[in-house]
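Participant: please work out how this folds:
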Amino acid sequence: MKLGAGLVGILLVTATLPAGAGERMILKVSPAVAFAPANLTVRAFVEADADNRAIAVIAESDDFYRSSEIQLDGDHAPRINTFEFRSLPSGTYHVKAMLIGRDNEARATLRQQINVMAGGGGSR
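Facilitator: Numbers count the residues shown, from 1 in each chain. Next up is the predicted model:
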């Protein structure tokens, strides 16, 4: 029980740490591999900065495209921003997140790849 409480404490402390030296944004995409139709969760951890204006996230495969964008209130914006893409069909997806600043310039761009496999048709 103490080990579980210790791990929760470590996770809480780590979640409140800054993005890192010189890192404006960190991207976490889960799951990395899933069966279709898949629900994808994208978390963008953003360093507080008065110039932050928006985050745009794109999930794209050869046959599918979905995107979402949220506005940020500079250094008053939440540090963690969560995006959900539901019912993605099978394919290899390139997930791209862009932190957008004043004058619509990209302040940071991060990419990750995930695989959504066709669901199994067999029964047990």
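Participant: can you pull out the strands in the chain?
Facilitator: Ranges of strands in the chain, per DSSP state E, are 25-30, 33-35, 38-46, 54-60, 65-71, 80-88, 91-100, 106-117.
Participant: isn't residue 67 up against residue 83?
Facilitator: No. In this structure residue 67 lies outside contact range of residue 83 using Cβ atoms under 8 Å: 9.4 Å. Just so you know, the C-beta spots here come from the backbone N, C-alpha and C atoms, and that holds for glycine as well.
Participant: higher neighbour count, those two?
Facilitator: The residue with more neighbours, out of residue 67 and residue 83, is residue 83; 22 against 12, by other Cβ atoms under 10 Å.
Participant: tell me which residue is most central in the protein.
Facilitator: residue 42 (2.5 Å; Cα atoms, centre = their mean).
Participant: measure that residue to residue 75 for me?
Facilitator: 22 Å (Cβ to Cβ, to the nearest Å).
Participant: related to what we said a few turns ago, mind giving me a markdown table with the strands of the chain and columns for mean pLDDT?
Facilitator: Shown next, in a markdown table, are the strands of the chain (pLDDT from 0 to 100):
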| stretch | mean pLDDT |
| --- | --- |
| strand 25-30 | 97 |
| strand 33-35 | 96 |
| strand 38-46 | 97 |
| strand 54-60 | 98 |
| strand 65-71 | 97 |
| strand 80-88 | 97 |
| strand 91-100 | 98 |
| strand 106-117 | 97 |
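Participant: give me the neighbour count for residue 31.
Facilitator: 13.
Participant: please apply the same query to residue 52.
Facilitator: Residue 52 has 24 neighbours, counted by other Cβ under 10 Å.
Participant: can you pull the contacts of it?
Facilitator: 46, 72, 74-75, 77, 99-101, 107 (Cβ atoms under 8 Å, 6 or more residues apart in numbering).
Participant: can you list residues touching both of residue 67 and residue 83?
Facilitator: residue 57.
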